[in-house]
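Undergrad: With the sequence up front, the predicted model follows.
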Amino acid sequence: MPARVDHGTASGTFSLDGETFDVENNIWVVGDDTECLVIDAPHSVDAIMAVVGDRRVRAIVCTHAHDDHVRVAPELRTRTGAPVLLHPDDRPLWELTHGGPDDVDAWLWDLDLADGQVLEVAGTTLTVLHTPGHAPGAVCLHAPDLGCVFTGDTLFQGGPGATGRSFSDLPTLEASIRARLFGLPDDTVVHTGHGADTTIGAEAAALGR
């Protein structure tokens, strides 16, 4: 059975810099009928598991550490036994949600992500692309066999992710998008952290390579 992409959504909140907003996040699961990877851990373990079903979760791969993407990662790890993966540059954001070095109840992710790392599941591969800007450790996951890239909050339909808050920078984000994403084939489907899909070609035409 070839690998496929399954999708759901979960609603909750995003909090940073003393402000809280209602958000709806996409849930992305890559795998076959037996095993899968979960991309991000937004809001509700039950909503994520409704997409996973009875498959073995090989890993929980976080595109970045804003609380709406990692808040239920510990609970999802407990439920599935799968390790949580995150780029180490996002530790300051992670600690805002899961505690820092002075917190006796602090909890860290299990394994670091690195630029160029290849993750394998169900006979397909996802390559980690470090794309800082929205967050220092933000990553995208390119799945060439599936013709898609999972961009978290780095790139959306309509342009780059949000900046202007702590740990973000628009020039860095735009440079990441041009250097790491706009070299992918134009017909590559962009599966985003929030909202509708787009394509690399559409966003490159709008933003300019």
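TA: Nice, I can see it.

Undergrad: ok, and what's touching stretch 164-183?
TA: For stretch 164-183, contacts defined as CB atoms under 8 Å, 6 or more residues apart in numbering pick out 16-17, 92-93, 129-136, 138, 140, 149, 151, 154-155, 160-163, 200, 203-204, 207, 209. Glycine gets a C-beta too; all of them are placed from N, C-alpha and C.

Undergrad: what's the spacing between it and its chain's center?
TA: Here stretch 164-183 is found 15 Å from its chain centre; the criterion is CA atoms, centre = their mean, to the nearest Å.

Undergrad: okay, how far is it across that stretch, tip to tip?
TA: Distance between the two ends of stretch 164-183: 26 Å, counting by CA to CA, to the nearest Å.

Undergrad: Mind checking the pLDDT average for it?
TA: Mean pLDDT, stretch 164-183: 97.

Undergrad: Show me which residues of that stretch are buried.
TA: Going by neighbour count (16 or more other CB atoms under 10 Å), the buried part of stretch 164-183 is 167-169, 172-174, 176-177, 180-182.

Undergrad: returning to what we had before: quick one, which of the contacts of stretch 164-183 are buried?
TA: Buried among the contacts of stretch 164-183 (16+ other CB under 10 Å): 16, 93, 129-136, 138, 140, 149, 151, 154-155, 160-161, 163, 200, 203-204, 207.

Undergrad: Next step: the contacts of stretch 164-183 restricted to strands.
TA: 16, 129-130, 140, 149, 151, 155, 160 (DSSP state E).

Undergrad: where do the helices sit along this protein?
TA: Taking DSSP state H as the criterion, the chain carries its helices at 45-52, 67-70, 73-80, 91-98, 170-176, 200-207.

Undergrad: Serialize the ones you listed to CSV and add fields for distance to residue 59.
TA: Shown next, in CSV, are the helices of the chain (distance: least, CB to CB, whole Å):
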stretch, distance to residue 59
helix 45-52, 12
helix 67-70, 14
helix 73-80, 9
helix 91-98, 16
helix 170-176, 23
helix 200-207, 25
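
Undergrad: Can you check which of these gets nearest to residue 112?
TA: helix 91-98 (9.8 Å; CB to CB).

Undergrad: Give me the buried positions along the closest one.
TA: Here helix 91-98 shows 91, 93-98 as buried, counting by 16+ other CB under 10 Å.

Undergrad: Could you point out which of those residues is nearest to residue 193?
TA: residue 93 (14.1 Å).

Undergrad: check contacts around the closest one.
TA: Counted by CB under 8 Å, 6+ apart, residue 93 has contacts 64-66, 135-137, 167.

Undergrad: ok, now residue 108?
TA: 91, 94, 98.

Undergrad: Same question for residue 112.
TA: 85-88.

Undergrad: Filter the residues you listed down to just the buried residues.
TA: Here, 16+ other CB under 10 Å leaves 85-87 buried among these.

Undergrad: now those in TSV, with distance to residue 8 and pLDDT?
TA: Converted to TSV, those look like this (distance: CB to CB, whole Å; pLDDT from 0 to 100):
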residue	distance to residue 8	pLDDT
85	20	98
86	21	98
87	24	98
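
Undergrad: Quick one: mark the members of those residues that sit in strands.
TA: 85-86.
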